[in-house]
Structures are given as C-alpha cells and as structure tokens.
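could you work out the structure for the sequence below:
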Amino acid sequence: MRTVYLEETDSTNEECKRFFEKEGVPEGGIVFASDYQSAGKGRRGRTWVSPKGVNIYFSLLIKPDIEPDKASMMTLLMGMAVAKAVDELTGGDNCRIKWPNDIVINGMKICGILTEMTLNGTDMEYVVIGTGINCLKQNFTGDFAGHAGDIESLTDVKVDRKDLLNKTLGYFEENLDLFIKYKDLTPLRDEYNNRLVSMDCEVRVLDPHGEYDGISRGIDNRGRLVVECGDGTIKNVDAGEVSVRGLYGYV
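Below you'll find the predicted structure:
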C-alpha cells in the first residue's frame, strides 16, 4: 500500500478525494498522512483539531470488494487496528473502543475515525477512512478538556508515530482481508466486543426520533450495536443514524 507523507494539508480525507478525481483508486489503495491539517474533519460536521508535530492524521483511499451498505464497517475495522497497534507499541492492554469510531484509554479519547463513501448510482466508487490519533503529550482545552487525551500521557510511552501508522495499516489490511472473506464481522466480532468499553453497560442512544436508554450487548455481525431496552426488547443500532453515550458520561 503506497503512503504519501505531507507536511500539511487542509484534510487528508480531501487529499484522497482529489487524488481519486485525477487518478481513481490505485490497486491496493493509497494513504495520505500529514503532520498538520488546517481543516481536519470529524463526524457530523465537527472540526478535528490538528496541531503540528504531536499526532498522526491519515486517510486511506480504497475500493473494497463489498456492498455499499457495508462501507460503514470500515470504521470498526480501523478502530480495531488502531487499538491493537497502540497496545503493541505501549506494551499494555489499555485501548478500548467506544462504538463506533473512538478509541479510548482510561476513558479518555485518543483517536477518532471518519469514514466517507461515494456512489455512482448504486455502485461504490470509493471509501475514504480518515483517522486521527493523539500521540505525544499535549494540553486539551475547551470542549476537549476532560475527555480527550494522548497516548504518551496515558501510558508513559512515547510512541514513534511512523511505527504506529505502519502497524495500524498492517492490522487494518489483515482485518479487511478477513472481512471480505466472510462478508461480515463474524471472525472479528469477539475481538471487537472484548475491547468495547460499553459492553454490558448502560448507554443512551441519541436517536433523532427519540432518545432511549438500554444495556449495550456488543455488536452483531453487521457492526450494529445491540441494545437491550428496559422492557426486554432488542434494538440494533446503525452507526450512521445515531450517537451513543454512556449513561453517566462520555463513555
């Protein structure tokens, strides 16, 4: 997989889109990684703050052999890859996943993932998976204070950012190969649920049609969060439709 390193860009997701417009999707995909983003993007139109010299910002442009309605599961595959890579480089077992797109250590967010897909009619043109990982020591203020953190501060390990990127991409490719082989998350579901920070915990589903509370029972083979409501009914929550929060805080 080819990786292009940039000193700065507006957004690595946008770099992928511009590349596609000129050259399409190369075999095996392409990664754009930058030391700084002037207009980093998060989910639901939020800004991803991207200071220089301390973090990893990268986006992967691929066209996987999957149905378009399964593209959102690329977020879960990348989340697992990041968590495994961070734990390997820090020598711990600290990374947990806040479904669907955040990685946390001790309840503090160190990584966010934004997956975007473009269709031509009903056919997939490409998927872009953008990832930001907070690596070295830094101060988080404003809206980020209290729930954002970095790997170094939380693990006392100063990771090499290039090593972390390479390991993450390697694990993502392994996950993707399994996903394509089985056509769903069957071979990865148990590993994901073992890292799920809200497993068997109370959660609040922020559905635009009406919030509700329940117990998180992990993901199903389609990557949906299974929530058991108070009356015993089961709801399968799609990542693209709602947000989920711990009942008593961020996680």
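
what segments of the chain are strands?
For the chain, the strands defined by DSSP state E occupy 2-6, 30-34, 55-62, 95-98, 102-105, 108-120, 123-134, 202-206, 212-219, 225-229, 234-237, 243-246.

who does the third one pair with, and is each partner parallel or antiparallel?
When you say that, I think you mean strand 55-62. Strand 55-62 has its sheet partners listed here by DSSP bridges as strand 30-34 (antiparallel), strand 123-134 (antiparallel).

just put those strands in a markdown table and tack on mean pLDDT.
Output for these, formatted as a markdown table (pLDDT from 0 to 100):
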| stretch | mean pLDDT |
| --- | --- |
| strand 30-34 | 97 |
| strand 123-134 | 96 |
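
so for residue 228, which of those sits nearest?
strand 123-134 (29.9 Å; CB to CB). To be clear about C-beta, it is placed using only N, CA and C from the backbone, and glycine gets the same treatment.

so what's residue 9 bridging to?
Residues in beta-bridge contact with residue 9 (DSSP bridges): residue 37.

could you chop the protein up by domain?
What automatic domain parsing lists as the domains of the chain is 2-195, 202-246.

between the strands of the chain, which gets nearest to residue 173?
strand 55-62 (9.7 Å).

ok now the closest one, how far from the chain's centre?
11 Å (CA atoms, centre = their mean, to the nearest Å).

so it versus strand 108-120, what angle?
Interaxial angle, strand 55-62 versus strand 108-120 (axes from the mean of the first three to the mean of the last three CA atoms, to 10 degrees): 20 degrees.

so residue 148 makes contact with residue 107?
No: in this structure, residue 148 is not within contact of residue 107 by CB atoms under 8 Å, at 10.8 Å.

the two: who's more crowded?
residue 148 (21 against 16; other CB atoms under 10 Å).

now the more buried one. Nearest residue, chain neighbours left out?
residue 140 (4.2 Å; CB to CB, 6 or more residues apart in numbering).

give me the phi and psi angles of the one you found.
Dihedral angles of residue 140 (phi, psi; degrees, to the nearest 10) stand at phi -110, psi 130.

I'd like to know how many residues surround it.
Count around residue 140 with other CB under 10 Å applied: 17.

ok, the one 10 residues further on next?
Applying other CB under 10 Å, we find 22 residues neighbouring residue 150.

give me the neighbour count for the nearest residue to residue 125 once chain neighbours are set aside.
Using CB to CB, 6+ apart and skipping residues adjacent in sequence, the residue nearest residue 125 is residue 118, 4.5 Å away. When neighbours are defined as other CB under 10 Å, residue 118 has 13 of them.

residue 118 and residue 59, how far apart?
Distance, residue 118 to residue 59, by CB to CB, to the nearest Å: 14 Å.

and what of residue 39?
13 Å.

quick one, which of the strands of the chain gets closest to residue 68.
Ranking those by their distance to residue 68 (criterion: CB to CB) puts strand 123-134 first, at 4.6 Å.

ok, now which ones touch the residue nearest the centre of the chain?
Nearest to the geometric centre of the chain sits residue 113, at 3.2 Å (CA atoms, centre = their mean). Counting by CB atoms under 8 Å, 6 or more residues apart in numbering, residue 113 makes contact with 75, 78, 79, 82, 101, 102, 129, 130, 131.

wait, which of these is closest to residue 54?
Comparing the contacts of residue 113 against residue 54 with CB to CB places residue 131 closest, at 15.1 Å.

centre of the chain to stretch 85-104, how far?
Centre-to-centre, stretch 85-104 and its host chain are 11 Å apart (CA atoms, centre = their mean).

what's the closest non-adjacent residue to residue 93?
The shortest distance from residue 93 to any non-neighbouring residue, by CB to CB, 6+ apart, is to residue 87 (5.7 Å).

quick one: contacts for the one you found?
93, 94, 95.
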